[in-house]
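Participant: just the structure for this:
(2 chains)
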Amino acid sequence: MNPNNYLILAGILFTIGAFGVVVRRNAIIVFMSVEMMLNAANLAFATAARTTGTLDGQVAAFFVMVVAAAEVVVGLAIIVTIFRTRRSASIDEANLLKY
Amino acid sequence: MTAALIGLPLFGATVLLLGGRRTNAWGHYFAVAMSASSFFVGVATFMSMLGRSAEDRTIETHLFDWIAVGSFQVPFGLQIDQLSIAFVLLITGVGTLIHIYSIGYMAHDENRRKFFAYLNLFVAAMLLLVLANNYFLLYVGWEGVGLASYLLISFWQHKPSAAVAGKKAFVVNRVGDVGLSLAVMLMFVTFGTVTFSGVSAAAGNGDATSLKLIGFALLLAACGKSAQFPLQSWLLDAMEGPTPVSALIHAATMVTAGVYLIVRAHAIFDLSETARTAVVVIGAITLLLGAFIGTAKDDIKKGLAGSTMSQIGYMILAAGLGPVGYVFAIFHLLTHGMFKAGLFLGAGSVMHGVNDDVNMRHYGALRGAMKITYVTFGLGFLAIIGIPPFAGFWSKDEIIKVAFEQNTLVGLCTLVGAGVTAFYMTRMMTMTFFGEARWEKDVHPHESPSTMTIPMIILAVGSAFGGLLLLFVGDIEAWLEPVTGFATSTEAGGMAWLMPTTLLVIAAGVAYAWNTYGRRPVPVVAPAEVSLLTRAARNDAYGDAINEAIFMRPGLHLTRALVWFDTKGIDGFIGGFAALIGGLSARGRKLQNGYARSYALTMLGGAALIAFVLYLVRL
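Facilitator: You can find the predicted model right below:
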């Protein structure tokens, strides 16, 4: 099958994810969108590995998965904590850290 | 032995300064004891010198190697020779008398202990100056006496005028000190050594230009310390200090250090005609200028200060005349030390009797109320104007004679100076002790206590017989010959007309002053309608105005311009740049608005931009 299709799919997923990060206010949704962008990148890595016949892309994809798992733990903990104190998961309201 | 001379007064100063108030009760006696014991050590040294032949009278004491850097070797060494011992006896002798006098004079001053500590410090520094065996160590003493002079002039620092006068003396002296440090450096460069003996031995090898420059630098140093033209302005203001200080430091000893320096460095001046001429010119100008200022002063101490300048002018002039003059410069220095100290102490006694008033127009007819002061001041007066057989006659007459032998014009200057001296001293004498009483209200003149009168009597005896003793019993010419060299005058026995002429000029000065101030009443308020010359003399010949116009104001404008350039130019650039960065940052930090989504958009935009650029480049 033509590897370009996979790359196009990865591009579409990435665009949806980026769009979600920029326009959605709910922190959980934004978080999911970030995951989607990461997985789009993983798909691109895997495709590249398949195309070139080397393992480098797959290794990179594994790394991304490990980092994403760690990031989920920290990120969800922050979101839960913010929700507990502010009774809201909107990231626009959590704007105290500014000039 | 030699070190003890300096060590004793230094010890006294240390104890009194570190001991603080605990030493208040006995501090002044302790200081007198230290000064007196230093004098006795000096006398003992002098006696032992008398017992030896002229060649080995010099005692060298090497204490330790002070500076040893490559070829620059400065020993901390002391040297007593015929010249030093004369100074040692003058400093410690007159110094001790003035210490004793100060017990009475400063009796009611709450800082008397500090005063005595400074006096001891001065004596120690002055002894170091005359006992050093190299120019570098002499410089230490030179600065030490400058410090003591500064501390004592501004001793009553609660008076702004005294504080300013001390500062002025310090600053003007720094100008002279630059000369001395230049001279020491030039000596090292030219001769490779700074010891007296080394420089004297090597002077013949120096080239004419170096010798001339060293001579000029030494002359500048002498001008600063000895209040010679053009650095004379500080001495008149220095009279703000207590009177014993004026007597000891600003009449008898410290201000004569310049003469000592020139005589000590005679090897340089012997070889440089130009430098010698400069010395003579400076001496002649100052002797006339000082006498001129002395004629118009109503302040008794300032009148005496003008006189001191003038008499030191005589000494400097004599020192500039070369080998024939050195002996008489020192001779006049010694007699002047005695009679001028006596005159100052007399002035202090008069001030003590009339509630510290210094204006001679408020004196008059004090001879009845203050008999001892009158007699002692009178003997000093006879000595300074040069009436035989009093001390000043012998020394001044010799200087006038030598001056005429060398150059008629210089001789005329000294002769005119003698006449003017007679005039202003007679004026001072008449206004103070004769005429009608012009005392202020509540003034009851009385004689001073015996602690003050006894030193005055001793100095008066010195003023009367000191010249005779030094010349005939002490034979000062033969005594100093190994140090200074002595060339007998070319036409011995000639100039027979000179002494009567001198006496005639002196008599004319006395007569004119008596006619003006003795036979007519003296106005209590100084007349305002006076000639231009009188006005100039009252204003110290505009010395301060000239200094202000030439040095002070341009200096002030220069510093102001530099400050302006610093604040506007340098600070303006640095400050403006910082303000620019600060302003930009204040605007830039608004970008951090706290909305995570806007950061995300910025990042996305940036990443897209980079991707786009990479895409373009790869095409």
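
Participant: CA atoms only for stretch B:322-336 - export them in CSV, please.
Facilitator: In CSV, the C-alpha atoms belonging to stretch B:322-336 read as follows (Å, rounded to 0.1, in the frame of the first residue of the first chain):
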residue,chain,number,x,y,z
GLY,B,322,76.3,79.2,47.0
PRO,B,323,79.1,78.1,49.3
VAL,B,324,79.6,81.6,50.7
GLY,B,325,76.0,81.8,51.7
TYR,B,326,75.1,78.4,53.2
VAL,B,327,76.7,79.1,56.6
PHE,B,328,74.9,82.4,56.9
ALA,B,329,71.6,80.9,55.8
ILE,B,330,71.9,78.4,58.7
PHE,B,331,73.2,81.1,61.1
HIS,B,332,70.3,83.4,60.3
LEU,B,333,67.9,80.4,60.6
LEU,B,334,69.2,79.7,64.2
THR,B,335,69.1,83.3,65.4
HIS,B,336,65.7,83.8,63.7
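
Participant: tell me the phi and psi of the closest residue to chain A within chain B?
Facilitator: For chain B and chain A, the shortest gap (Cβ to the nearest Cβ) falls at B:G594, measuring 3.2 Å. Every residue, glycine included, has its C-beta placed from N, CA and C. Backbone geometry at B:G594, expressed as degrees, to the nearest 10, gives phi 90, psi -10.

Participant: that one and B:P527: what is the separation?
Facilitator: 88 Å (Cβ to Cβ, to the nearest Å).

Participant: between those two, who's got more neighbours?
Facilitator: Per other Cβ atoms under 10 Å in any protein chain shown, whichever of B:G594 and B:P527 has more neighbours is B:G594, with 14 against 7.

Participant: my guess is that one contacts A:E93. True?
Facilitator: No: the criterion here is Cβ atoms under 8 Å, and B:G594 misses it with A:E93 at 9.9 Å.

Participant: how about the helices in the stretch 301-450 of chain B?
Facilitator: B:323-353, B:371-385, B:391-406, B:408-433, B:450-468 (DSSP state H, counting those that start in this stretch).

Participant: with just CA atoms, put the last one into CSV.
Facilitator: The C-alpha coordinates for helix B:450-468 follow below in CSV (Å, rounded to 0.1, in the frame of the first residue of the first chain):
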residue,chain,number,x,y,z
SER,B,450,55.4,82.3,85.0
THR,B,451,55.1,79.1,82.9
MET,B,452,54.7,81.6,80.0
THR,B,453,57.1,84.3,81.0
ILE,B,454,60.1,82.0,81.8
PRO,B,455,60.3,80.6,78.2
MET,B,456,60.0,84.2,76.9
ILE,B,457,62.8,85.4,79.1
ILE,B,458,65.1,82.5,78.0
LEU,B,459,64.3,83.2,74.3
ALA,B,460,64.9,86.9,74.9
VAL,B,461,68.3,86.1,76.3
GLY,B,462,68.9,84.0,73.2
SER,B,463,67.8,86.9,71.0
ALA,B,464,70.2,89.2,72.8
PHE,B,465,73.3,87.1,73.0
GLY,B,466,72.6,84.1,70.6
GLY,B,467,74.3,85.8,67.7
LEU,B,468,77.4,86.7,69.6
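
Participant: tell me what that helix is packed against?
Facilitator: Applying 3 or more Cβ pairs under 8 Å, 6 or more residues apart in numbering or on different chains; DSSP states H and E, one finds that helix B:450-468 contacts helix B:82-105, helix B:323-353, helix B:371-385, helix B:391-406.

Participant: can you list these in JSON lines and add distance to chain A and mean neighbour count?
Facilitator: Output for the helices and strands packed on helix B:450-468, formatted as JSON lines (distance: least, Cβ to the nearest Cβ, whole Å; neighbours: other Cβ atoms under 10 Å in any protein chain shown):
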{"stretch": "helix B:82-105", "distance to chain A": "74", "mean neighbour count": "25"}
{"stretch": "helix B:323-353", "distance to chain A": "76", "mean neighbour count": "27"}
{"stretch": "helix B:371-385", "distance to chain A": "85", "mean neighbour count": "24"}
{"stretch": "helix B:391-406", "distance to chain A": "87", "mean neighbour count": "25"}
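
Participant: SS state for B:A68?
Facilitator: B:A68 carries the three-state label strand when classified by DSSP: H, G, I helix; E, B strand; the rest coil.

Participant: quickly list what it is bridged to.
Facilitator: Beta-bridge partners recorded for B:A68 (DSSP bridges): B:Q73.

Participant: contacts for the helix or strand where B:Y260 lies, please.
Facilitator: If you go by DSSP states H and E, B:Y260 is part of helix B:257-264. Outside helix B:257-264, the residues within contact range by Cβ atoms under 8 Å, 6 or more residues apart in numbering or on different chains are B:83, B:87, B:126, B:129-130, B:138, B:142, B:145, B:180, B:196, B:218-219, B:221-226, B:228, B:269, B:279, B:312, B:315-316, B:319-320, B:326, B:329-330, B:333, B:484.

Participant: pLDDT of that helix, averaged?
Facilitator: For helix B:257-264, the mean per-residue pLDDT is 91.

Participant: tilt between it and helix B:82-105?
Facilitator: 170 degrees (axes from the mean of the first three to the mean of the last three Cα atoms, to 10 degrees).

Participant: show me what the helix or strand following helix B:257-264 is packed against.
Facilitator: Next helix or strand after helix B:257-264 toward the C-terminus (DSSP H and E): helix B:266-271. Contacts defined by 3+ Cβ pairs under 8 Å, 6+ apart place helix B:266-271 against helix B:196-202, helix B:208-225, helix B:273-294, helix B:300-320, helix B:323-353.

Participant: now render those as CSV, adding distance to B:G509 and mean pLDDT.
Facilitator: Output for the helices and strands packed on helix B:266-271, formatted as CSV (distance: least, Cβ to Cβ, whole Å; pLDDT from 0 to 100):
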stretch, distance to B:G509, mean pLDDT
helix B:196-202, 40, 87
helix B:208-225, 27, 91
helix B:273-294, 10, 90
helix B:300-320, 13, 91
helix B:323-353, 17, 89
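
Participant: go through these and name the closest to A:A60.
Facilitator: Ranking the helices and strands packed on helix B:266-271 by their distance to A:A60 (criterion: Cβ to Cβ) puts helix B:208-225 first, at 83.1 Å.

Participant: in the closest one, what's buried?
Facilitator: B:210-225 (16 or more other Cβ atoms under 10 Å in any protein chain shown).

Participant: ranges for the helices of chain A?
Facilitator: A:3-23, A:27-52, A:56-86 (DSSP state H).

Participant: quick one: the helix or strand containing B:A611 near chain A?
Facilitator: Using DSSP H and E, B:A611 sits within helix B:596-618. Yes: Helix B:596-618 is in contact with chain A by Cβ under 8 Å from any Cβ of the partner chain, via B:596-597, B:600-601, B:604.

Participant: of these, grab the buried ones for PyMOL.
Facilitator: Burial among the residues of helix B:596-618 next to chain A is assessed by 16+ other Cβ under 10 Å; the matching PyMOL selection reads:
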select buried, chain B and resi 596+597+600
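
Participant: now the residues of helix B:596-618 next to chain A as TSV including distance to B:T376 and pLDDT?
Facilitator: As requested, the residues of helix B:596-618 next to chain A are exported to TSV (distance: Cβ to Cβ, whole Å; pLDDT from 0 to 100):
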residue	distance to B:T376	pLDDT
B:A596	101	86
B:R597	104	88
B:A600	104	90
B:L601	104	91
B:L604	106	91
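
Participant: chain neighbours aside, what residue packs nearest to the residue most central in space within chain B?
Facilitator: The structure's chain B has its C-alpha centroid closest to B:V255; by Cα atoms, centre = their mean the separation is 3.1 Å. With Cβ to Cβ, 6 or more residues apart in numbering or on different chains as the criterion, B:V255 has its nearest non-adjacent residue at 5.1 Å, and that residue is B:S226.

Participant: pull the contacting residues for that neighbour.
Facilitator: When contacts are taken as Cβ under 8 Å, 6+ apart, B:S226 is in contact with B:255-259, B:312, B:316.

Participant: before we move on, back to that, and B:R22, which of the helices of the stretch 301-450 of chain B is closest to it?
Facilitator: helix B:450-468 (23.3 Å).
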